[in-house]
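S.K.: Fold the following and give me the result.
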Amino acid sequence: MSDPIVIVGAGLAAYHCAREFRKLDTETPLFIVARDGAGFYSKPMLSNALAAGKSPEALVMKSAEKMAEELNATIWPRCDMASFDPSVRTVSMADGRQLRYRDLVLALGADPIRLPLTSEAAQQVLSVNDLDDYARFAGQLPAEGVVAILGSGLIGCEFANDLLARGLRPVLIDPAAWPLSRLVPREAGDWLRRRLEAAGVSFRLGVAAQAVETADDGYRIVLVDGEVIQAALVLSAVGLAPRVALARAAGLDVARGIVVGRDLQTSAPHVWALGDCAEVAGMSLPFVMPIMQQARALAATLAGQAASVGYPAMPVIVKTPACPTVVAPCWRDSDCTWQIEADDGALVARRLSGEGVLEGFVLMGEGVKQRQALVPQLLPWLD
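M.R.: Residues are numbered from 1 along each chain as shown. The predicted structure is shown next:
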């Protein structure tokens with residue numbers, strides 16, 4: 001028997017690549033190594049599971065056993081990769097097991113960024129990056145009261161909106177001056193803030209959290225300006241950092257993510273990377289649609305049909321029902337201007353180049369209805 005393809009990871013990137021590969025090659029041995037339980041679930045569902053009434057168990061669409069059967073694969077759940085050696089094509093596990101590989105696919109994901117908070121309760125601040133995290137978060141949610149969320153980016157806003165379904169009072173804390181500050185102009189961020197406030201979300205913007213302390217009824221979040229916010233639970237949503245430590249230790253080229261070409265190959269032969277851990281053409285895009293494009297391209301290459309990844313324009317839907325929002329980010333460094341039209345019911349913001357070319361947009365409220373008309377006008381993210 002030939003050496004297998006070994007995929008490290010069991011998230012969307014890993015499983016979608018495995019599925020696409022099996023459409024093209026049903027015989028090559030396939031191993032999937034997962035640090036979690038390896039059940040298949042939709043990670044984007046984690047930030048609106050409360051409103052959907054989903055328990056952690058209900059979010060699992062297929063068990064590891066079912067995925068192994070469907071993919072004709074061997075799956076090792078709850079198994080940490082300790083190292084890999086590209087010179088001899090081996091993967092070593094923390095429990096001592098070792099695998100030889102024909103090709104190694106790194107779908108390692110990313111880790112939540114931890115703020116440099118002071119005080120003894122800093123380690124009690126939760127993050128939700130996978131199903132295990134969500135189970136801990138859901139298990140600690142109070143019946144009522146305030147939940148403080150550090151970060152008012154995409155995930156922070158989605159969780160804040162979702163907590164409203166449980167009758168909780170979310171407060172978003174961020175040094176940025178407006179929510180979604182990395183994706184949208186200020187007028188759009190303020191438009192979103194007003195609608196989330198009307199639904200029950202509170203904001204403390206332009207100020208950072210300095211410390212988290214335990215209190216009789218939960219936690220005290222001390223802000224750098226001296227204000228103190230009382231909360232029953234604290235959730236951090238300040239962003240993700242690609243998991244690159246093992247790739248760096250193996251001698252692979254690493255920048256923010258694991259550096260790969262458009263064929264998804266790393267700097268080592270027969271080692272590939274995709275998903276949140278990968279940096280493709282200088283871009284790390286932790287969104288569903290780019291990951292699916294990567295998975296299809298890599299699956300074809302692994303099956304002997306060399307392919308490279310391309311990114312059409314892929315708008316991102318922000319799951320904030322209190323303010324429907326669609327963002328088409330622009331990843332180019334270019335001079336641009338925002339053309340913004342807004343009233344009480346809709347906001348449409350167009351990002352235009354100096355030549356008047358549409359490079360991105362933000363649609364909110366009734367403005368999301370313009371999505372289909374605007375997307376064809378966008379240039380590809382990576383052609």
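S.K.: Dead centre of the protein: give me the residue that sits there.
M.R.: Centrality entry for the chain: nearest residue to the mean C-alpha point is residue 286, 4.6 Å, by CA atoms, centre = their mean.
S.K.: Same question for that one, what's its three-state structure.
M.R.: coil (DSSP: H, G, I helix; E, B strand; the rest coil).
S.K.: Just want the phi and psi numbers for residue 216.
M.R.: The phi/psi pair for residue 216 (degrees, to the nearest 10) reads phi -60, psi -40.
S.K.: Tell me how far it lies from residue 24.
M.R.: 60 Å (CB to CB, to the nearest Å). (Glycine included, C-beta is placed from N, CA and C.)
S.K.: Could you count how many residues lie near the closest residue in space to residue 142 that isn't next to it in sequence?
M.R.: Leaving out its chain neighbours, the residue that sits closest to residue 142 by CB to CB, 6 or more residues apart in numbering is residue 232, at 4.0 Å. Applying other CB atoms under 10 Å, we find 19 other residues in the vicinity of residue 232.
S.K.: From residue 172, how far out is residue 232?
M.R.: As defined by CB to CB, residue 232 lies at a distance of 15 Å from residue 172.
S.K.: Kindly report the same for residue 225.
M.R.: For residue 225, the distance to residue 172 equals 16 Å [CB to CB].
S.K.: neighbour count winner among these two?
M.R.: Under the criterion of other CB under 10 Å, the comparison of residue 225 against residue 172 puts residue 172 first, with 26 against 10.
S.K.: Hmm, the more buried one is touching residue 155, no?
M.R.: No. Counting by CB atoms under 8 Å, residue 172 does not reach residue 155; the two are 10.9 Å apart.
S.K.: related to what we said a few turns ago, looking at residue 216 and residue 24, which is more packed in?
M.R.: Each of residue 216 and residue 24 has its neighbours counted (other CB under 10 Å); residue 24 has more, 13 against 6.
S.K.: Apart from its neighbours in sequence, what residue is nearest the more buried one?
M.R.: Per CB to CB, 6+ apart, closest to residue 24 is residue 303, 3.7 Å.
S.K.: Report pLDDT for residue 155.
M.R.: pLDDT recorded at residue 155 is 96.
S.K.: That one belongs to a helix?
M.R.: Yes. The assignment for residue 155, made by three-state DSSP, places it in a helix.
S.K.: excluding its backbone neighbours, what's nearest it?
M.R.: residue 237 (4.4 Å).
S.K.: Was I right to think that neighbour contacts residue 148?
M.R.: No. Residue 237 lies out of contact with residue 148 (CB under 8 Å); the separation is 10.6 Å.
S.K.: circling back to that earlier point, and the residue nearest to residue 24, how close does it get to residue 245?
M.R.: 30 Å.
S.K.: more neighbours, these two?
M.R.: Between residue 303 and residue 245, counting by other CB under 10 Å, residue 303 is the more crowded of the two (17 against 11).
S.K.: List the contacts of that one.
M.R.: Neighbour list for residue 303: 21, 24-25 [criterion: CB atoms under 8 Å, 6 or more residues apart in numbering].
S.K.: ditto for residue 254
M.R.: When contacts are counted by CB under 8 Å, 6+ apart, residue 254 touches 244, 247-248.
S.K.: Quick check: bridge partners of it?
M.R.: Counting by DSSP bridges, residue 254 is bridged to residue 258.
S.K.: Count the residues that sit near residue 312.
M.R.: Other residues within reach of residue 312, judged by other CB under 10 Å, total 14.
S.K.: Show the contacting residues for it.
M.R.: Neighbouring residues of residue 312 by CB under 8 Å, 6+ apart: 293, 380-381.
S.K.: So which of the residues you listed are in strands?
M.R.: With strands taken from DSSP state E, there is no overlap with the contacts of residue 312.
S.K.: Make CSV out of the contacts of residue 303 and add secondary structure and distance to residue 183.
M.R.: Converted to CSV, the contacts of residue 303 look like this (DSSP: H, G, I helix; E, B strand; the rest coil; distance: CB to CB, whole Å):
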residue, secondary structure, distance to residue 183
21, helix, 33
24, helix, 35
25, coil, 38
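S.K.: Of the residues you listed, just say which sits nearest to residue 341.
M.R.: Distances from residue 341 to these, taken as CB to CB, are shortest for residue 21 (45.4 Å).
S.K.: Around the closest residue in space to that closest one that isn't next to it in sequence, count how many other residues there are.
M.R.: With sequence-adjacent residues excluded and distances taken as CB to CB, 6+ apart, residue 21 is closest to residue 299, at 4.1 Å. When neighbours are defined as other CB under 10 Å, residue 299 has 25 of them.
S.K.: How far does the particular helix or strand that has residue 299 in it sit from its chain's centre?
M.R.: For residue 299, the element it lies in under DSSP states H and E is helix 288-302. With CA atoms, centre = their mean, to the nearest Å as the basis, helix 288-302 stands 16 Å off its chain's centre.
S.K.: Likewise for stretch 189-205?
M.R.: 23 Å.
S.K.: just stretch 40-55 next, same as before
M.R.: 14 Å.
S.K.: Buried ones in stretch 237-254, by neighbour count?
M.R.: Neighbour-count burial for stretch 237-254 flags 237-238, 240, 242-244, 246-247, 250, 252, 254 (criterion: 16 or more other CB atoms under 10 Å).
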